[in-house]
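Novice: with the sequence up front, the predicted model follows.
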Amino acid sequence: MVGDPALAMPVVIIADMWTGVSFQAVLLLAGLLAVPTELKDAAEADGANWWQAFWHVTLPSILPVLFIATVLRLMDAFRKFEGVQILTTGGPGNASTPINLHIYNVGLFYHQIGYAAPTGW
């Protein structure tokens with residue numbers, strides 16, 4: 001399955017999601033539980049349906065938590081190295097090679113430190 005260039009990256013993405021989604025779910029659940037019930041009750045008393053209550057009350061309330069969860073997930077995705085190295089070693093070809101694995105290969109395997117250093121920077 002990971003030998004097919006078309007399926008290599010989806011397999012890496014699914015494996016990465018398997019390890020990262022649970023933490024994001026806990027963060028977002030904590031954010032949802034922190035939304036004051038008074039705001040939800042006021043929206044319901046004003047006649048808002050569930051979508052309007054979510055869009056105008058819940059989403060603005062969890063926006064800081066959503067921002068932090070997104071930033072943490074992006075930071076985790078940019079430093080993803082071991083999952084790709086274990087699953088596909090960047091292959092087949094370069095189908096699933098992230099930039100940090102490329103820098104690792106160029107610097108340590110091909111001994112081109114002069115090229116790897118500015119690429120990493």
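Specialist: It's in.
Novice: now the residue nearest the centre of the chain: how far from residue 28?
Specialist: By C-alpha atoms, centre = their mean, the chain has its centre lying nearest to residue 73, at 3.7 Å. Residue 73 sits 11 Å away from residue 28, going by C-beta to C-beta, to the nearest Å. C-beta here means a position set from N, CA and C on the backbone, and glycine is covered the same way.
Novice: next one: residue 37
Specialist: Plainly put, residue 37 is 18 Å away from residue 28 if you go by C-beta to C-beta.
Novice: show me the helices in this structure, by range?
Specialist: Ranges of helices within the chain are 5-33, 37-45, 50-53, 59-78, 82-87, 99-104, 113-120, based on DSSP state H.
Novice: buried sites along the third one?
Specialist: Neighbour-count burial for helix 50-53, with 16 or more other C-beta atoms under 10 Å as criterion, is recorded at residue 53.
Novice: can you name every helix or strand that that helix contacts?
Specialist: The elements that helix 50-53 packs onto, with contact taken as 3 or more C-beta pairs under 8 Å, 6 or more residues apart in numbering; DSSP states H and E, are helix 37-45.
Novice: tilt between the helix it packs on and helix 59-78?
Specialist: Here helix 37-45 runs at an angle of 120 degrees relative to helix 59-78 (axes from the mean of the first three to the mean of the last three C-alpha atoms, to 10 degrees).
Novice: which positions in helix 37-45 come out as buried?
Specialist: Going by neighbour count (16+ other C-beta under 10 Å), the buried part of helix 37-45 is 40, 43.
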